[in-house]
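[1] got a predicted structure here, sequence first:
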Amino acid sequence: MNQLSFYRLSVFSSILFTVLSIILMFAPVVMLSAWGVELTDSVGLVARRIAALYAGIAVMYFFARNAEHSATRTALIVGTITACLILALLGVYEFVAGHASGGILGSVLIEVVLVLAFLYVGARKK
């Protein structure tokens, strides 16, 4: 059975963050409407700036995909776990507070899956 490797997770993450970046840059209404959030000029500005960060993360993971176990690779993993965990918690908070619709829970699920995947890969140290 093929196990989840850092290489595979990096390639997947690179693709995922590229798709998120493109959506937030060029069609933010797609994601925002699923969350029940209105696209305003201010929200669009923030979405485009977040898109740039996601593009940068995608590039980092693409170029790091062949990295051996190291302090640098561990830093990428722990940083991503931290960011995704915070995003998941914020998503739940925004849903409970009524600032976002149930559509945000799909994003929360993806973020939790990423946390678990990076925890698994980080623990394997291969």
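    Ah, there it is. None of the values given here were measured: they were computed from a predicted structure.

[2] wait, what's in contact with Leu114?
    Ser13, Thr80, Cys84 (CB atoms under 8 Å, 6 or more residues apart in numbering). Every C-beta, even on glycine, is put in place using the N, C-alpha and C of the backbone.

[3] mind running it again at 7 Å?
    Thr80, Cys84 (CB atoms under 7 Å, 6 or more residues apart in numbering).

[4] which helix or strand contains it?
    helix 104-124 (DSSP states H and E).

[5] any buried residues in stretch 8-26, and which?
    Buried positions in stretch 8-26, judged by neighbour count with 16 or more other CB atoms under 10 Å: Leu9, Ser10, Ser13, Ser14, Leu16, Phe17, Thr18, Leu20, Ser21, Ile23, Leu24, Met25.

[6] same deal with stretch 30-48?
    Met31, Leu32, Trp35, Val37, Ala47.

[7] with stretch 50-59 instead?
    Buried, per 16+ other CB under 10 Å, within stretch 50-59: Ala51, Tyr54, Ala55, Ile57, Ala58.

[8] quick one: the first one and Phe62, what's the gap?
    Distance of Ala51 to Phe62, computed by CB to CB, to the nearest Å: 16 Å.

[9] quick one: the helices in the protein?
    6-26, 28-34, 41-64, 71-96, 104-124 (DSSP state H).

[10] okay if I get those helices as CSV plus mean pLDDT?
    Below are the helices of the chain laid out as CSV (pLDDT from 0 to 100):
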stretch, mean pLDDT
helix 6-26, 98
helix 28-34, 96
helix 41-64, 98
helix 71-96, 98
helix 104-124, 97
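
[11] separation between the residue nearest to Ser13 when sequence neighbours are not counted and Gly44?
    Spatial nearest neighbour of Ser13, excluding adjacent residues (CB to CB, 6 or more residues apart in numbering): Tyr61 at 4.6 Å. Look at Tyr61 and Gly44: by CB to CB, they are 26 Å apart.

[12] and Val59, by the same measure?
    Distance from Val59 to Gly44, by CB to CB: 23 Å.

[13] ok so, going back, what about the residue nearest to Ser13, neighbour count?
    23 (other CB atoms under 10 Å).
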